[in-house]
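In: Provided below are the primary sequence and the corresponding predicted coordinates.
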Amino acid sequence: MTTHDFHPQVKQLLDGELTLTDLPPELRAEGEEALRLLAAVDREPVSLPAVTWRVMAALERKRQRRWTRAAWLLAPALAAAAALVVLLGRPSRPTASAPTGMVTVRFVLVAPGAHQVCVAGTFNRWDPAATPLVRSGSGDLWVATLSLPPGQHQYAFVVDGARWVPDPTAPAIDDGFGRRNSVLTL
Amino acid sequence: MHAETGAGGAGPSDGEIVRAVLAGDRERYAVLVERYRDRYARYAARMLGSTDAAEDAVQDAFVRAYDQLAQCQDPNKFVGWFFLILRNRCFAEQRKGRSHVSLDAAGAVPTGERSDVATETAERRRALQRALMGLTGEQREVFVLKHVEGLSYMEIAERLNTSVASLKMRMHRAYDKLREQLREHA
């Protein structure tokens, strides 16, 4: 036991097994010092909102690398198709069902508590109700799959018909009216 | 921070989501990330000493958990299993000598306090976090789980699969070391 060691009863105080008044008078000052230590503990919550898209984008990049590697082994044509995959958030890939020249794009949003989610953008004249997403299972995940022409598209999600939400996984630009539009380049 | 609570009654259970992801619905994984990223952010931030380092660790742990999802023996206990992956990640970071003492916790003082009080609070938090980074990883972890996350010794013992007696021994050494370091830097 060094001069820095707390008395065993003070450690019980720190553990919450004793209160300051349980300590004998000669240990009160040491007990108060111990409580000051605990009072400095930072219990503020920490929020990491970017982690969701960072994780999903990392998984998507890994998936693309696997596809690309497999494609190079299988056939050059397949490799070319894999190279057209765009990043997650709107993970997409050309499919046989897509009209010629169109690219199939999947829009995904995690929206806890939402009752309706739509996507509005340059591809549907910013109609907030034209393109609803479908709830995936019974959870918070909403999904819509669209065929879009190559080029640049701007869009945002519309939650419950009123709240415009940019895609957290996509780059965004100012729309000139104080709102952020997500940008998808195909 | 409570392990194995699942969805808390709202939305699909962790087990349902894990099984859906393993069945190929990989976007559902975003629901698990949303559900737990902030719950464990504070643990990682206090273990590593900075929010930036915590963000990297939490992201990496979720990506690793996804890669190893088939090894999650009880999908309903995903969160406890994920915690151990994050814990390993935090300890690995410490072994690499990359403990971060950016002390960003100091900025998180409650708003509305008088500025001199806020400054003093921030300085005390900063000093304690600096002292925490001087503990061993095992000592710091038990301190963080008990005094930051508010778990009991019994809950920590269950989570880390160890005994209450050994946790108390670890914690009591931590108290002495913190006192020593705080006095040296007072």
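Out: Structure's in. What do you need? Residues are numbered from 1 along each chain as shown, chains lettered A, B, ... in the order given.

In: and the residue positioned nearest the centre of chain B, which of the three is it?
Out: In chain B, the centroid-proximal residue (CA atoms, centre = their mean) is residue B:43; its distance is 2.0 Å. Under the three-state scheme (DSSP: H, G, I helix; E, B strand; the rest coil), residue B:43 adopts helix.

In: Then residue A:143?
Out: Applying three-state DSSP: residue A:143 is strand.

In: how close does the residue nearest to residue B:153 when sequence neighbours are not counted get to residue A:173?
Out: Leaving aside its sequence neighbours, residue B:153 sits nearest to residue B:164 (CB to CB, 6 or more residues apart in numbering or on different chains; 4.6 Å). For glycine as for every other residue, the C-beta is placed from the backbone atoms N, C-alpha and C. Between residue B:164 and residue A:173 the computed distance is 56 Å (CB to CB, to the nearest Å).

In: that older thread, give me the number of residues near the residue nearest to residue B:153?
Out: By other CB atoms under 10 Å in any protein chain shown, 13 other residues sit near residue B:164.

In: Would you mind giving both backbone torsions of residue A:56?
Out: When read as degrees, to the nearest 10, the backbone of residue A:56 gives phi -70, psi -30.

In: does it really touch residue B:33, like I thought?
Out: Yes. Using CB atoms under 8 Å, residue A:56 is in contact with residue B:33, at 7.2 Å.

In: ok, and the helix or strand in chain A with the lowest average confidence?
Out: Ranked by mean pLDDT, DSSP states H and E, the weakest helix or strand in chain A is helix A:76-82, scoring a mean of 32.

In: and the following helix or strand past that helix, how far out from the chain's middle?
Out: Next helix or strand after helix A:76-82 toward the C-terminus (DSSP states H and E): strand A:103-110. Centre-to-centre, strand A:103-110 and its host chain are 14 Å apart (CA atoms, centre = their mean, to the nearest Å).

In: next one: stretch B:162-172
Out: For stretch B:162-172 - counting by CA atoms, centre = their mean - the centre lies 18 Å from the chain centre.

In: Low-confidence ranges, chain A, go.
Out: A:1-3, A:65-100, A:137-138, A:176-178 (pLDDT under 70).

In: Remind me which helix or strand the spatially most central residue of it belongs to.
Out: What sits nearest the mean C-alpha location of chain A, by CA atoms, centre = their mean, is residue A:52, with 2.5 Å. In this assignment (DSSP H and E), residue A:52 forms part of helix A:51-74.

In: One more: residue A:126?
Out: Using DSSP H and E, residue A:126 is not contained in any helix or strand.

In: if I pick it, what's in contact with it?
Out: Applying CB atoms under 8 Å, 6 or more residues apart in numbering or on different chains, we find residue A:126 in contact with residue A:120.

In: please redo it, this time with the cut-off set to 10 Å
Out: A:120, A:154, A:155, A:156, A:158, A:164, A:175, A:181 (CB atoms under 10 Å, 6 or more residues apart in numbering or on different chains).

In: can you check residue B:142 too?
Out: Contacts of residue B:142 (CB under 10 Å, 6+ apart): B:135, B:151, B:153, B:156-157, B:160, B:162, B:166-174.

In: can you pull the buried residues of the helix or strand bottoming out on mean pLDDT in chain B?
Out: Here the helix or strand of chain B ranked lowest by mean pLDDT, DSSP H and E is helix B:115-132, holding a mean of 85. Neighbour counts over helix B:115-132 (16 or more other CB atoms under 10 Å in any protein chain shown) mark B:121, B:122, B:124, B:125, B:126, B:127, B:128, B:129, B:130, B:131, B:132 as buried.

In: So residue A:49 sits against residue B:51, correct?
Out: No. The pair residue A:49 / residue B:51 is not scored as a contact, 11.7 Å apart, by CB atoms under 10 Å.

In: Overlap in contacts, these two.
Out: Common neighbours of residue A:49 and residue B:51 (criterion: CB under 10 Å, 6+ apart): residue B:41.

In: Same drill for these two, tell me which one is more crowded.
Out: Legend: neighbour count by other CB under 10 Å for residue A:49 and residue B:51, higher for residue B:51 (21 against 13).

In: Would you format the buried residues of helix B:115-132 as JSON lines with distance to chain A included?
Out: Formatted as JSON lines, the buried residues of helix B:115-132 follow (distance: CB to the nearest CB, whole Å):
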{"residue": "B:121", "distance to chain A": "8"}
{"residue": "B:122", "distance to chain A": "9"}
{"residue": "B:124", "distance to chain A": "4"}
{"residue": "B:125", "distance to chain A": "5"}
{"residue": "B:126", "distance to chain A": "9"}
{"residue": "B:127", "distance to chain A": "7"}
{"residue": "B:128", "distance to chain A": "4"}
{"residue": "B:129", "distance to chain A": "7"}
{"residue": "B:130", "distance to chain A": "11"}
{"residue": "B:131", "distance to chain A": "9"}
{"residue": "B:132", "distance to chain A": "9"}
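
In: between these, which is nearest residue B:85?
Out: Nearest to residue B:85 among the buried residues of helix B:115-132 is residue B:132, at 22.2 Å by CB to CB.

In: and residue B:34, how many neighbours does it have?
Out: So residue B:34, with other CB under 10 Å, has 19 neighbours.
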